[in-house]
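[1] Below are the sequence and a predicted model for it; my questions follow.
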Amino acid sequence: MTETTVGREPVQIVEIKQPFCSLSFGVSPCTARGTGPVKCYNTRSTCQDGANYAATTLSLFFSRGRVGEQTVSGATYIIPSLVSVSTSPTRLNVGGSRTDASGLGNRALCTLTFNDHTHTDRVVDKYVDERGFDPLTRGTFWTKWKARNRYRQNIQIIVYDGYAGQTLAQMSKKVFFLDNIQGPDDSGQVTIQGKDVLARLEERKAQVPLASPGVLYTSITNSQTSFVVAGALVADYTATGTLRIDSEIMTYTGRATHANGVEFTGVTRGTDRSTAATHSVDASVQQCYRVTNKRIDDTLKELLNVYGGVPLTYLDTVGWKAEVDTYLSLWQLNALITVPTAVHDLVSSIQEQTLVNCWWDEKNLLVKMRSIRGVDALPPLITEENNIIAGSFVMREKPEERVSQVWIYYDQRDKTRGKEETANYASLITVANLPEELLYGEPSVRKIFGNFLSAGALASTTASKIITRYIHSPSEIEFRMDAKDRDKWVGDVVRIRHSADRDEFGDYRIRQWLIVAADEVEPGETVHYIAEDITLYGKIYYIMAAGSANYPGAGLAPEKSGYIGNSAGLLSDGASAARIS
C-alpha cells in the first residue's frame, strides 16, 4: 500500500535509539568482572568499565496494537505498548515578523504515551539467561529502562507513518530528540517528550562566548601589554583572540601557562573604539567572540556546530553554501560579542538582519536554510479541485505585521553595551513608503538592531525587502490535503488557486505561498498546512547570454530567462518583462 492506494491501512511505528555498548561483559577489551546477576545492561549508567565503553545504539520499536514482525520489515521485535503520538510541527518565523515567536520560530515537538507492563527483558538484556531470576517478576519495562538509562538526554526518537505492507524504509519519518520522560503514573502510563535538534540552542544549554573563569592576578595600568590571569587554565582561552575587562576591549597574540594561572602577551589595549584604562585585581577577564567579514553560512555553521553542539551530520551545509553562493554572496557579517549570549539569540539576530530562515526538517534530518527571496522556478500549483480538502481552507490577514517604515541601526560604537541601545549605533538607515502609510492612516515602524551589520548597503537591502513584503497586511492561509500530497513540506513554495482568493475583478488570484508549518494531524491520512504569501518578492530572472533566441511567448519561454521588454515594461504578448531591482 501507498498514499494513493484505495482502502489503505495506516500504520504508525516509534523507534527509540537507545545508547548501547557493543562489547560483551568481561570480554576483552571490557575489563569488568562478575557473574550473571551483577553484569551490566550495556548502558552507560550500568557500565563497570567506563574507559572501554564502546558506544552504539539499540533500536527499540513500539506500535499501537499487535503489529507483527512480518507486517513491518526492518522493525525487529515490535512492542505493542504505544498508546498515542502527538506532534507539534516546526513553524517558520519568516523574516522575524512574528513578535510572538523567536527568530527561529517554533520548535517541532512530539509527545508519546506508552502503557507500562512487565517484560521478559528480551533484546534489552544480553545476559537475561544468566541472571538467575525471572525479569517478569521484577518491575516493569519503563521503570527498569529509566534506571538503566540515566543519561538519556538527546536520545533519537523516530516516528514512522506508513501503511500496512510497507517496509520501515518505505514509510515517511520524523526525527526528534528525547527531552524528558515522566511516569509511570497512576494509570500505568509513561509520557516521553521530544524536541527537534535546534532545542539545543536554548539559552540554558548553549552560550557564546562561554563564561570565562579568569580574573586579574594583580591590578594593571592602562598601558601594560602583558598580564597574568588567575583561576584559569590555558584551555579556557583561545591561542589568540579578544578579551574584555570592565569596559575595555583588547586583543592578544599569545597566552601560556604561568605559575599563578595564565599569562597573556602581545596585548593591544583599547581596541574596537574602547579606551585603555587601569583595572583592579580580581577584575573578570572575559573571552570575546568575534566575526570578521564572514559568510552567513560559515557563521551559522560555527554557531550551531561549535557552540550549539548540533552535529555536522544534521546541518545541510552543502545546501547552505549553494544558497549563499547564488543569492547571498555579497553578505559579509561583522560582530563582536563581549558577554555570554545564547546561541539561539545570535542565530535569530542573523536571520532577522539578513532575512534568511533556518529550520529543522525532521523528515530529512537536516537543518535547512533559505533566503527570503523570489522564486527562480515555477512552483507547483495546488487547487481546491485536485488537492485541498473541502471546508479546510481559511485565509486571514495579519495587520499587526504590516510595516510602513523600517529603521535599521548598524555599526555599533561600544561593543560592551546592550544590543538594543539606539544611541550606541553610529549609523541609521530608514526606508519608508509614505504614500501607502498615508492611505492606511497611521505609521507602523519596525526597528532592527544590526549588531552583525557594518555596511549601509546591506542594511538598505534588508529594509527594502521588508517594505516590499509588509507594506500591506500580509496574508496567511491554513488548509488540509490528503496524504497523497504530503511531499509538500515546510520551506517549499507553492502556487494556490482557490475560489476564496479573488482579485478586484473577481478573477482567481494565483499567488505564491511559502509553507511555514506542516503536520500530519491524522497520520497517513491528512496533513494540515500553514502558508504565508510571498508573491510580492516576485520572480528571479537571469541575464541571458549574447545571441540568445528572442522571446517565444508565454508558456514557451524558459522560466529563468530575463527578456527585455518595451518602454512600458511589457513583452510582445503583454506579459511583464524582467526588471533589475
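    That came in fine, so what should we check first? This one's a predicted model, so the numbers in the text were calculated from it and none came from an experiment.
[2] could you say what helices and strands the strand or helix carrying residue 468 packs with?
    In the assignment (DSSP states H and E), residue 468 maps to helix 456-470. Packing partners of helix 456-470 (3 or more C-beta pairs under 8 Å, 6 or more residues apart in numbering; DSSP states H and E): helix 343-354, strand 405-412, strand 425-432, strand 445-450. Where C-beta positions appear, they are placed from N, C-alpha and C, glycine not excepted.
[3] Okay, buried residues for that helix please.
    458, 459, 460, 461, 462, 463, 465, 466, 467, 468, 469, 470 (16 or more other C-beta atoms under 10 Å).
[4] Next SSE downstream of that helix?
    Heading C-terminal from helix 456-470, the first helix or strand you meet, by DSSP H and E, is strand 475-482.
[5] Show me the shaky parts of the stretch 101-250 of the chain.
    Within the stretch 101-250 of the chain, the ranges that satisfy pLDDT under 70 run 101-103, 203-204.
[6] can you give me the helices for it?
    Taking DSSP state H, counting those that start in this stretch to define them, one finds helices in the stretch 101-250 of the chain at 141-148.
[7] Quick check: residue 145 touching residue 124?
    Yes. Taking contacts as C-beta atoms under 8 Å, residue 145 lies within contact range of residue 124: 7.2 Å.
[8] Mutual contacts of these two, please.
    With contacts taken as C-beta atoms under 8 Å, 6 or more residues apart in numbering, residue 145 and residue 124 have residue 18 as neighbours in common.
[9] Which of the helices or strands spans residue 358?
    strand 356-361.
[10] What strands flank that strand, and is each parallel or antiparallel?
    strand 366-371 (antiparallel) (DSSP bridges).
[11] Now do the contacts for the spatially most central residue of the chain.
    Note on the chain: the residue nearest the mean C-alpha position is residue 359, at 3.6 Å, using C-alpha atoms, centre = their mean. The contact partners of residue 359, by C-beta under 8 Å, 6+ apart, come to 90, 92, 104, 105, 198, 367, 368, 490, 491.
[12] again, 10 Å this time
    Shown in contact with residue 359 (C-beta atoms under 10 Å, 6 or more residues apart in numbering): 89-93, 104-108, 196, 198, 366-370, 490-491, 516-517.
[13] export the buried residues of helix 456-470 to JSON lines and tack on distance to residue 443?
    Formatted as JSON lines, these follow (distance: C-beta to C-beta, whole Å):
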{"residue": "458", "distance to residue 443": "24"}
{"residue": "459", "distance to residue 443": "20"}
{"residue": "460", "distance to residue 443": "19"}
{"residue": "461", "distance to residue 443": "22"}
{"residue": "462", "distance to residue 443": "19"}
{"residue": "463", "distance to residue 443": "15"}
{"residue": "465", "distance to residue 443": "19"}
{"residue": "466", "distance to residue 443": "14"}
{"residue": "467", "distance to residue 443": "12"}
{"residue": "468", "distance to residue 443": "17"}
{"residue": "469", "distance to residue 443": "17"}
{"residue": "470", "distance to residue 443": "13"}
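[14] Quick check: of the residues you listed, which lies closest to residue 383?
    residue 469 (24.8 Å; C-beta to C-beta).
[15] Just confirm that closest one contacts residue 512, I think it does.
    No. With contact defined as C-beta atoms under 10 Å, residue 469 does not reach residue 512; the gap is 11.7 Å.
[16] okay, and the common contacts of these two?
    Here residue 469 and residue 512 have 532, 533, 534, 535, 536, 537 as joint contacts, going by C-beta under 10 Å, 6+ apart.
[17] Now do the fourth one, the pLDDT please.
    This points to residue 535. As predicted, residue 535 sits at a pLDDT of 88.
[18] Just give the nearest non-adjacent residue to residue 498, would you?
    residue 384 (4.9 Å; C-beta to C-beta, 6 or more residues apart in numbering).
[19] For the stretch 451-581 of the chain, which segments are assigned as strands?
    Per DSSP state E, counting those that start in this stretch, the stretch 451-581 of the chain carries strands over the ranges 475-482, 493-497, 511-522, 526-533.
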